[in-house]
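**Q** got a predicted model here, sequence first, then my questions.
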Amino acid sequence: MNTPNNTNTTNPTTSTPDASGLTWEARIRDAAVFLGLSIEEVKEALKELGVEKEPAGMEMLSDENITPFGDLMKVFGDARHIPIAKVRLAAKYLRGPKDSAKTDTISPEMVKMKEKYGIKPRLENIETNSLLEDYDPKRSDHPITIILKKRFENKAVIVFKPDSTEVDIEATANYIADLEQGFPEEETIESQGELVRIYKVGEIPNEAIQEDPLFKGQPLKRERSIINRANWVTVPYEARQFVRLAVEMEKINPEDKRDVQDIIKTASVGMKALKEEFPEVFLEYKERKNLNNLPNLTMTMKEAETHKINNPFGINRKY
């Protein structure tokens, strides 16, 4: 008799992490069992923390300073209502064996630091000046970015060279040193003889991000709404503009779960389906398109910050 191959219902062989936790896949699989979630659901929850297999998912999970238990409770306990005991047990499998290698692959930055310090260092023990040399603001899920965010939280400390997205390491390091000496925070500073703004870790100057079609002033995070977790990845831009018009014309209620599910399903099909479902909205869409006056569903990080909900993990369901 054949046994179904279902990794989400097969218990790990021991009560503590063993050699099976040497790989990313094994850790996710074993944790999923105790959480009562599918493997994909576990991956999605970790993604909300910025933890994915690449570039350094194993490193992030193994290091409790990068992914403390409190963070795991937020995405599994608070957001998905998993009891704390189950989260604690699953965390053992996510961490992996104590003496196991922490990464499937080592990033170039970690190789560079190993060469510099002679050993593979713990990122939280490295001085900020050294981390800045390999900080890439475009890689929000990179361990260096995560460590810097933990260090400076909501404080703007990153200086970019004028009219670029290249970090001015010297100006940034000097400004951080000034703060550590007790000087007051500033909004602008000189870089290469020109006045520039100071940004938070992870922000990029004038970076354009997508706006939630259902909620004006709220950004999409990895194509998902931070309000209701609706996934817009399959909906083309013009259909998103159509949806915004439908909201403005009160043809759909963004607070209603069924309305949201139905509109995303229809919008994913395309404009023809939307036209058939909402003929009045289509007329408005066509007229505003001719006037070049359709909703612009893009915004900057600064604009998003203005409307920011105190919700770092994007968990704030309306229903």
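**A** Sure, I can see it.

**Q** which parts of the helix or strand hosting residue 198 count as buried, going by neighbours?
**A** Here residue 198 sits within strand 194-200, counting by DSSP states H and E. Of the residues in strand 194-200, those buried under the neighbour-count criterion (16 or more other C-beta atoms under 10 Å) are 196-200. Any C-beta I mention is one placed from the backbone N, CA and C, and that applies to glycine too.

**Q** again, but for stretch 240-260
**A** Going by 16+ other C-beta under 10 Å, stretch 240-260 has these buried residues: 240-247, 251-252, 254, 259-260.

**Q** out of the buried residues of strand 194-200, who's nearest residue 152?
**A** Among those, residue 200 lies closest to residue 152 (C-beta to C-beta), at 7.4 Å.

**Q** give me the nearest residue to residue 194, chain neighbours excluded.
**A** Nearest non-adjacent residue to residue 194, counting by C-beta to C-beta, 6 or more residues apart in numbering: residue 162, 4.3 Å away.

**Q** pLDDT weak spots in the stretch 201-319 of the chain?
**A** Applying pLDDT under 70 to the stretch 201-319 of the chain flags residues 301-302, 304-319.

**Q** that one: helices as residue ranges?
**A** Along the stretch 201-319 of the chain, counting by DSSP state H, counting those that start in this stretch, helices occupy 237-248, 257-269, 271-277, 279-290, 301-306.

**Q** what's the closest of those to residue 74?
**A** helix 301-306 (20.5 Å).

**Q** please export the C-alpha coordinates of stretch 141-161 as PDB.
**A** Coordinates of the C-alpha atoms in stretch 141-161 are reproduced here as PDB (Å, rounded to 0.1, in the frame of the first residue of the first chain):
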ATOM      1  CA  ASP A 141      15.600  41.400   2.900                       C
ATOM      2  CA  HIS A 142      19.400  41.300   3.200                       C
ATOM      3  CA  PRO A 143      20.900  40.500   6.600                       C
ATOM      4  CA  ILE A 144      22.900  43.800   6.600                       C
ATOM      5  CA  THR A 145      19.800  45.800   5.900                       C
ATOM      6  CA  ILE A 146      17.900  44.000   8.700                       C
ATOM      7  CA  ILE A 147      20.700  44.600  11.200                       C
ATOM      8  CA  LEU A 148      20.900  48.300  10.400                       C
ATOM      9  CA  LYS A 149      17.100  48.600  10.700                       C
ATOM     10  CA  LYS A 150      17.200  47.000  14.100                       C
ATOM     11  CA  ARG A 151      20.100  49.400  15.100                       C
ATOM     12  CA  PHE A 152      18.500  52.600  14.000                       C
ATOM     13  CA  GLU A 153      14.800  51.700  13.900                       C
ATOM     14  CA  ASN A 154      12.700  54.600  12.600                       C
ATOM     15  CA  LYS A 155      15.600  57.100  12.600                       C
ATOM     16  CA  ALA A 156      16.900  58.600   9.400                       C
ATOM     17  CA  VAL A 157      20.600  58.100   9.100                       C
ATOM     18  CA  ILE A 158      21.500  57.200   5.500                       C
ATOM     19  CA  VAL A 159      23.000  59.900   3.200                       C
ATOM     20  CA  PHE A 160      23.000  59.400  -0.500                       C
ATOM     21  CA  LYS A 161      25.200  61.200  -3.000                       C
END
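
**Q** number of nearby residues for residue 163?
**A** Counted with other C-beta atoms under 10 Å, the neighbours of residue 163 add up to 10.

**Q** please report how far it lies from residue 50.
**A** Per C-beta to C-beta, to the nearest Å, residue 163 is found 28 Å from residue 50.

**Q** quick one, what contacts the spatially closest residue to residue 240 that is not a sequence neighbour?
**A** Leaving aside its sequence neighbours, residue 240 sits nearest to residue 213 (C-beta to C-beta, 6+ apart; 4.3 Å). Going by C-beta atoms under 8 Å, 6 or more residues apart in numbering, residue 213 touches 232, 235, 240-241, 243-244, 247, 297.

**Q** hmm, back to that, sheet partners, orientation included, of the strand holding residue 198?
**A** Here strand 194-200 has these sheet partners by DSSP bridges: strand 156-159 (antiparallel), strand 188-191 (antiparallel).

**Q** quick one: buried residues of the last one?
**A** In other words, strand 188-191. Neighbour counts over strand 188-191 (16+ other C-beta under 10 Å) mark 189, 191 as buried.
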